[in-house]
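Novice: One predicted model, sequence on top.
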Protein chains: 4
Amino acid sequence: MGDRPSYDRKLLQILRDAAGVFAEKGYHRASIRDISAATDVSLSGLYYYFSSKEELLFLVQNHCFGTLLARLEEDLGQTTDPAARLRIVVRNHLHFFLDNMEEMKVLSHEADVLTGKYRETIQRRKRSYADTVHGILSELRPADGPDLRTATFALFGMMNWIYTWYNPDRDLRAEEMEEELLHLFLNGFLAPRNRRSDGEGGDSAPMEHSSIWRSG
Amino acid sequence: MGDRPSYDRKLLQILRDAAGVFAEKGYHRASIRDISAATDVSLSGLYYYFSSKEELLFLVQNHCFGTLLARLEEDLGQTTDPAARLRIVVRNHLHFFLDNMEEMKVLSHEADVLTGKYRETIQRRKRSYADTVHGILSELRPADGPDLRTATFALFGMMNWIYTWYNPDRDLRAEEMEEELLHLFLNGFLAPRNRRSDGEGGDSAPMEHSSIWRSG
Amino acid sequence: MGDRPSYDRKLLQILRDAAGVFAEKGYHRASIRDISAATDVSLSGLYYYFSSKEELLFLVQNHCFGTLLARLEEDLGQTTDPAARLRIVVRNHLHFFLDNMEEMKVLSHEADVLTGKYRETIQRRKRSYADTVHGILSELRPADGPDLRTATFALFGMMNWIYTWYNPDRDLRAEEMEEELLHLFLNGFLAPRNRRSDGEGGDSAPMEHSSIWRSG
Amino acid sequence: MGDRPSYDRKLLQILRDAAGVFAEKGYHRASIRDISAATDVSLSGLYYYFSSKEELLFLVQNHCFGTLLARLEEDLGQTTDPAARLRIVVRNHLHFFLDNMEEMKVLSHEADVLTGKYRETIQRRKRSYADTVHGILSELRPADGPDLRTATFALFGMMNWIYTWYNPDRDLRAEEMEEELLHLFLNGFLAPRNRRSDGEGGDSAPMEHSSIWRSG
DNA sequence: AATGAATGAGGGTTCATTCAT
DNA sequence: CATGAATGAACCCTCATTCAT
C-alpha cells in the first residue's frame, strides 16, 4: 500500500545517476542511452519518470537547488545577525557543494540549457537566493563599501568556481574552505576604502600599458 | 607567404564569429551549419580553415588565450613589485574579459570539451597562467595568510564567473570593477589571521546546525 | 454468462470511443494511449477487451459493418422489387452513415490497414455487400445501360465520400440526401444510351486537348 | 552550368517514388527508410531535398495537384459552354487519376495528414477546384435541379473513390469510364424533378422499416 | 579557394505490448 | 478485472564530415 515511496525512491536514484552522467560528459554530450546505462533502466523505461531530456535536467537541478535552499532556510532561521547569517550562507553553500559536487556542477554549468517554464523556475529560485545574500551584505556593508552587486557575485564566483579546480585529495575540507573564503571575503568587504586596496602607499599612478586594451 | 594575410584575416573573422555562436548556444548545441550561417561561408568551405569542429574550438580558445597572455606578459615586464603585478593581472584579465566576453565565455565554459593534444595545449597554458598568479600571491602572502591554492582560484572564480551575471547596462566599467575586486581580494588576502574573519568579537562558538551536513 | 452483459456493454463503449479516436486522428496516428484517455480505461486494462491494436480496429469495423448489414437485410426482406430495394440500400447506407459518421469513416478510410484473417473477414462482407447492390442494379439495368461494376462503385463512391465533406450545419438531412442521390443516380442509370450524356446534340467530336494526357 | 535541372529532376523522381511508397503503405506506415530504399538515396541524403516527412507529403500532393490543375486550366480555356466544360473536368480528372493513380491516391487518401501552412495551401487549391466544378454545375442546373453542393461532391465522390476498387485488368479504360460517369451523372443532374427518381409510378409510399434508424 | 550533394552514426522520443501484482 | 511499471523495436531527424568538381 502506498507504492509512491518506491516510485519516488527510484526517481531520486535516477536523478542522482543522471547528475553523475551530466557532470561527467556535460548535458549535451550525455545521451539518454548513457543515462540508461548508468541507471540500469531501459531507454524507454526512463520516460516513465520524466518526459524529456530537458525535464530530466530540470528535475536534477530543481531537486538539488531545492535541497540546498531548504537547508539554508532552516539554518538561517536561527539568527538575524548579518555576519552570522553570512557565515551560514557560506557554510551551507560550501558543504552542500562539496558533498554534492556532481549535482552542483550541473546546476552551475548547465544554467543556460533550460528553456521556457523550466528555465523560469530555476532562474526565479536563483534570483531569490542571490537576493538573500545581497540583503545580508547590504546590512553588513560599511559606509563606502564595495558595490553590492559586484560583491555578491564575487562571493558566488569564488564558491561556484570550485567545481573547476577542486581536488579532494589535495584541497581543503569544507570547514577549512569555509574559514578561508569567509576570511578572504569578509575582510575585503569590510575594509575601509581609504586603505589603499593595493596595500601600497599612495603612488598608484596609472600604470603604463601598451597594447592591452584594444579589443579583439 | 603572398596572400597569407588574406587567409589569416578570414580565419580570424571566422574565429570571432564562431566564438559568438559558441558563446550563445554552447559548443555542443552549436552546429557547423550555425557557424556557416554566422560566417557566410559554405558548410564545406569552412573545412578549408579548420579540420574539425574540435579544432575550431581549440583555435578559438587558443587565439583568445594567446592574446590574453601576450598582453599580460608585456605588461608584467614593467615591474617586479608583487602588488603592482597583481594589479596588472587583475586589470588585464578584467579588461580583456569584458572586451571579449564571448571568447572568454567560451574559454571558461567549454574547458572540458577539448581532448588529446588540443586539451593539453590549453591546459598547459592555463596552468602556467595560474602558476604566475600563484607566484605573485606567494610573494604577497603574510605570515599566516590564506591557503595559496584556495586564494588563487578564489580570485579566478571572482573574475571568471562574471560572464554569468555581467550586464553592461547595469554593472561597473572595467576600471571600476578592477578597483572593486582588487579591494575585495587584497584586503582579504592581506588581513592578519587573528582578526576574526567574521568581523565580530571572539565568541565564534561553532554554530548549531541541524540537518545541513547530511549529504544528498 | 452472468455478467457478460456488463462486459459487452463496456466493450461496445470502448469500440465507440475508439472509433472516435480513429476517426479523428487516423488509425496509425492514434495511440493506444489515446484510446486509454478517451475510454478512461488504463493502458494495460484495455488489453482485457482486445488483444492488439489491429484487433481493436477489426472489432470497430466489424461491429459497425455488422450493424449496417443486419439492418439492411432486415429491410431488404420486405420487397423483391429492385427499385424499391435500391432505395432501401441507399436509405440504409446514408442514414447509418450520417448517424455513425465516425465509425463509417473508420470503415471507409482504414480499409487497407487490416491483414490476415481480419482483413479477409471484412473484405468478404464488403464484397457481399457490393454483390447485393450489384445484383439489384443488374435487375434494374436497361438494355444498353452503364457498365455494372462502374455504376455500382460510382454509387458507393457518391455515398462513402460523404465523410470528407459533410457538414451537418450546412448540408442536407439524411432523408433529403437520400432523395438527391437516388434522383441523381437512378436517372443516370436508367437513362437511354442514345440520349447524349452531355445533354447536347450529337456532335461530340473528340475535343482537342493539348498536354493533358501525358503522364507524370 | 545551371545544375538546377539535375536537382529538380532528382527531386521529381523522389516525389514519384515516395508517392508509390505512400500509396502502398499509407503515409504513416511508410518510413523514411522505406523512401530511402525506394529512391536509392541514403536516409540522411533525402533531407537535402525536403526538410521533414510532412513536407515530403506536401511536395508530393502539391506537385500532383498542381499538374492536375494546370492541365485543367489549359483545357478549360477552350470553351465557355458549361456542358463541354464539365466533360473537360471529368475527362481531365479521370485520365489524370488513372494515369497517376499512386499520386492521386495519396492526394485523396492522406488529405487530413497535413497541418499548418501545408494544409492550408492544399486545402485552398482543393476548394478552388471544387468551386470551379460548382460553378459549372450551377450554370447547367435545371430549374428545380439537385442541391448543388451535394451534386458537386457526389461527382467528386464517384471519381475519387476509384482508387479503392479500380483494377486495370478488369475495369474500363479512361475514355470509357469518362463516358460512363458522365452519362450517369449528367442524366441524373439534368433530369426533371417530377419524373420520380425511383423510375416507378407515383406510389412511393414511405416504406416500413424496423430498426434501421436507431443510431449506434 | 570554395561548394553542392551526399552519407554513417547516433540522438531523443514514441509505441504496442507485457507481466507481476 | 485492472493497473503501474517496464521494455524492444522502430521512427524522424541532425550532425560532423567527405568528395567530386
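Specialist: Yes, it's here.

Novice: What sits closest to A:Arg125 if chain neighbours are left out?
Specialist: Spatial nearest neighbour of A:Arg125, chain neighbours left out: A:Phe65 (5.5 Å); criterion: CB to CB, 6 or more residues apart in numbering or on different chains. C-betas here are computed from N, CA, C, even on glycine.

Novice: In contact with that neighbour, which residues?
Specialist: A:107, A:122, A:125-126, A:129 (CB atoms under 8 Å, 6 or more residues apart in numbering or on different chains).

Novice: Equivalent analysis for A:Tyr166, please.
Specialist: Counting by CB under 8 Å, 6+ apart, A:Tyr166 has contacts A:98, A:101.

Novice: tell me which parts of chain A are close to DNA strand F?
Specialist: Residues of chain A lying close to DNA strand F (CB under 7 Å from any atom of the strand) are A:3, A:6-7, A:10, A:41-45, A:47-49.

Novice: If we ignore the residues flanking it in sequence, what's nearest the residue most central in space within chain A?
Specialist: The C-alpha lying nearest the average C-alpha coordinate of chain A belongs to A:Asn160 (CA atoms, centre = their mean; 4.7 Å). Closest residue to A:Asn160 apart from its sequence neighbours, by CB to CB, 6+ apart: A:Ser108 at 4.8 Å.

Novice: Was I right to think the one you found contacts A:Met159?
Specialist: No: taking CB atoms under 8 Å as the definition, A:Ser108 is not a contact partner of A:Met159, at 9.4 Å.

Novice: Neighbour count for these two, which is higher?
Specialist: A count of neighbours by other CB atoms under 10 Å in any protein chain shown puts A:Met159 above the other of A:Ser108 and A:Met159, at 24 against 19.

Novice: mind listing what A:Gly45 touches?
Specialist: Applying CB under 8 Å, 6+ apart to A:Gly45 gives the contacts A:Ser36.

Novice: The strand or helix carrying it vs DNA strand E: in contact?
Specialist: Element membership for A:Gly45, per DSSP states H and E: helix A:43-46. Yes: using CB under 7 Å from any atom of the strand, helix A:43-46 reaches DNA strand E at A:43-44.

Novice: what comes up buried for that helix?
Specialist: A:Leu46 (16 or more other CB atoms under 10 Å in any protein chain shown).

Novice: The helix or strand following it: how far from the chain's middle?
Specialist: Once the chain leaves helix A:43-46, the next helix or strand it forms, by DSSP H and E, is helix A:53-76. Relative to the chain's own centre, helix A:53-76 is displaced by 11 Å; criterion: CA atoms, centre = their mean, to the nearest Å.

Novice: so A:Asp144, which of the three states?
Specialist: Of the three states, A:Asp144 takes coil under DSSP: H, G, I helix; E, B strand; the rest coil.

Novice: Just give the number of residues close to the residue of chain A found nearest chain C.
Specialist: Using CB to the nearest CB, the closest approach of chain A to chain C is made by A:Tyr48 at 11.5 Å. For A:Tyr48, the count of nearby residues is 13 (other CB under 10 Å).

Novice: And for A:Asp169?
Specialist: Residues near A:Asp169, counting by other CB under 10 Å: 4.

Novice: Confidence-wise, which helix or strand of chain A is lowest on average?
Specialist: helix A:4-25 (a mean of 95; mean pLDDT, DSSP states H and E).

Novice: any residue of the next helix or strand after that one up close to chain B?
Specialist: Next helix or strand after helix A:4-25 toward the C-terminus (DSSP H and E): helix A:32-39. No: Helix A:32-39 lies apart from chain B when judged by CB under 8 Å from any CB of the partner chain; the minimum separation is 13.6 Å.

Novice: Show me which positions of helix A:32-39 end up buried.
Specialist: Quick answer for helix A:32-39 (16+ other CB under 10 Å): A:32, A:34-36, A:38-39.

Novice: Could you do stretch A:41-57 as well?
Specialist: A:41, A:46, A:49-50, A:53-54, A:56-57.

Novice: do stretch A:86-98 as well
Specialist: Quick answer for stretch A:86-98 (16+ other CB under 10 Å): A:86-98.

Novice: mind listing which of these are in helices?
Specialist: A:86-98 (DSSP state H).

Novice: so A:Thr79 is in which element?
Specialist: Residue-wise, A:Thr79 maps onto no helix or strand under DSSP H and E.

Novice: got the phi/psi numbers for it?
Specialist: phi -150, psi 160 (degrees, to the nearest 10).

Novice: Tell me how many other residues surround it.
Specialist: 14.

Novice: Please name the nearest non-neighbouring residue to it.
Specialist: A:Thr79 sits nearest to A:Arg85 (CB to CB, 6+ apart), 6.2 Å away.

Novice: can you tell me how far that neighbour sits from C:Thr121?
Specialist: With the distance defined as CB to CB, to the nearest Å, A:Arg85 ends up 77 Å from C:Thr121.

Novice: same thing with A:Leu72?
Specialist: Where C:Thr121 is concerned, A:Leu72 sits at a distance of 68 Å (CB to CB).

Novice: Same check on A:His28?
Specialist: 51 Å.

Novice: Ok, A:Arg91 next?
Specialist: A:Arg91 is 75 Å from C:Thr121, by CB to CB.

Novice: again with A:Gln61
Specialist: Distance from A:Gln61 to C:Thr121, by CB to CB: 55 Å.

Novice: In terms of neighbours, single out the busier of the two.
Specialist: A:Gln61 (27 against 15).

Novice: wouldn't that one be in contact with A:Ile122 here?
Specialist: Yes: with contact defined as CB under 8 Å, A:Gln61 reaches A:Ile122; the gap is 5.5 Å.

Novice: re the thing from before, quick one: mean pLDDT over the helix or strand encompassing the residue nearest to the centre of chain A.
Specialist: Under the criterion of DSSP H and E, A:Asn160 resides in helix A:148-160. Across helix A:148-160, pLDDT averages out at 98.

Novice: by contact count, what packs against it?
Specialist: For helix A:148-160, the packing partners by 3 or more CB pairs under 8 Å, 6 or more residues apart in numbering or on different chains; DSSP states H and E come out as helix A:82-99, helix A:116-140, helix A:174-190, helix B:148-160, helix B:174-190.

Novice: what comes into contact with the shortest one?
Specialist: Contacts of helix B:148-160 with the rest of the structure, by CB under 8 Å, 6+ apart, involve A:154, A:157-162, A:164-165, A:170-172, A:177, A:180-181, A:184, B:90, B:93-94, B:97, B:104, B:108, B:130, B:133-134, B:137-138, B:141, B:145, B:181, B:184-185, B:189.

Novice: Could you export that helix as PDB, CA atoms only?
Specialist: Extracted in PDB, the C-alpha atoms of helix B:148-160 (Å, rounded to 0.1, in the frame of the first residue of the first chain):
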ATOM      1  CA  LEU B 148      47.500  29.900  -1.600                       C
ATOM      2  CA  ARG B 149      45.700  27.400  -3.900                       C
ATOM      3  CA  THR B 150      42.400  28.400  -2.500                       C
ATOM      4  CA  ALA B 151      43.100  32.100  -2.700                       C
ATOM      5  CA  THR B 152      44.400  31.800  -6.300                       C
ATOM      6  CA  PHE B 153      41.300  30.000  -7.500                       C
ATOM      7  CA  ALA B 154      39.100  32.200  -5.500                       C
ATOM      8  CA  LEU B 155      40.500  35.200  -7.400                       C
ATOM      9  CA  PHE B 156      40.000  33.400 -10.700                       C
ATOM     10  CA  GLY B 157      36.500  32.400  -9.600                       C
ATOM     11  CA  MET B 158      35.600  36.000  -8.800                       C
ATOM     12  CA  MET B 159      36.700  37.100 -12.300                       C
ATOM     13  CA  ASN B 160      35.700  34.200 -14.400                       C
END
